[in-house]
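Trainee: Requesting a structural model of the entry that follows:
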Amino acid sequence: MLFETDRLYVAKWRKENLNALYDLFNDPAIKELIAPKLTIEETEHIFETQLLDYEKEGVFGRYFIVEKSTGDYIGLLLLKDVNRECSIEIGYSLIREQWKKGYATEVVNETVNWLFTEKGFSNICAITELDNIDSQNVLIKAGFIRQKDILDDGKMMSYFLNSKNEE
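Mentor: Sure thing, here's the model as predicted:
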C-alpha cells in the first residue's frame, strides 16, 4: 500500500489483479479516457510492464484505488515522470458508479500530501480534457492552479500546477 485515506487506499498491482485491471480499463467511464477499448492482451502487456517498473527505484507508475469498506478496485492513479516544469504528473480515473462521492477529491488531496511530505516532491502537475470541469474542480480543491493550456499528444489540454509552499 502506498497510502490511505479514511475510505480508500492506493496500492500496487499484484500478479492476481490482471482481470481487475482489464475490467477497470474497459469500464465505459474510464474507457472514454483510454479509447479505444483494450484487449486482454494489450492490458496484459501494460500490466506486466508495470510489475517490472515497480522493481525500479521511485514512485512512478500506475496504481489501484481501492474502497476500504468493500475491497473493490474503484479506479486508477497514475504517477508520471514528465518533461515539464513540474517534478511529477498525477492522473486519476474512477469507475462511473463511484463518481460524486468525493473519492476523487479524497485521493487527489492525499496523493498531493503524500508526494510533498513523504516523497519530497516540490511541485506536481496534472492535465485534463478542456471540457472536464468536474476533474478540474477536483484539482482546484486540492490546491492546483490552472496554467496556460498545453498541447499534449497533439491535443489541447487544461494544465494545472501545485507547488509546495515553503515556509
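Trainee: Checking my notes, Val107 in a strand, right?
Mentor: No: using DSSP: H, G, I helix; E, B strand; the rest coil, the assignment for Val107 is helix, not a strand.
Trainee: Identify all contacting residues around stretch 70-82.
Mentor: Residues outside stretch 70-82 that contact it (CB atoms under 8 Å, 6 or more residues apart in numbering) are 8, 10, 17, 20-21, 23-24, 30, 58-67, 88-95, 97-98, 103, 107, 111, 115, 125. The C-beta positions use only the backbone N, C-alpha and C, and glycine is treated the same way.
Trainee: and with 7 Å instead?
Mentor: 10, 20, 24, 59-67, 88-95, 98, 103, 107, 111, 125 (CB atoms under 7 Å, 6 or more residues apart in numbering).
Trainee: cool, and stretch 59-66?
Mentor: 2, 8-13, 50, 53-54, 72-81, 94, 107, 119.
Trainee: Just the CA atoms from that stretch would do, formatted as CSV, please.
Mentor: Extracted C-alpha coordinates of stretch 59-66, given in CSV (Å, rounded to 0.1, in the frame of the first residue of the first chain):
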residue,chain,number,x,y,z
VAL,A,59,7.1,6.1,-7.3
PHE,A,60,6.3,6.5,-11.0
GLY,A,61,3.6,4.1,-12.3
ARG,A,62,0.0,3.1,-12.2
TYR,A,63,-1.8,2.0,-9.0
PHE,A,64,-5.2,0.8,-7.9
ILE,A,65,-7.6,3.0,-5.9
VAL,A,66,-9.4,0.6,-3.5
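Trainee: got the phi/psi numbers for Glu85?
Mentor: Per-residue torsions, Glu85: phi -80, psi 0 (degrees, to the nearest 10).
Trainee: So, low pLDDT: which residues of this protein?
Mentor: For the chain, the stretches flagged by pLDDT under 70 are 32-36, 166-167.
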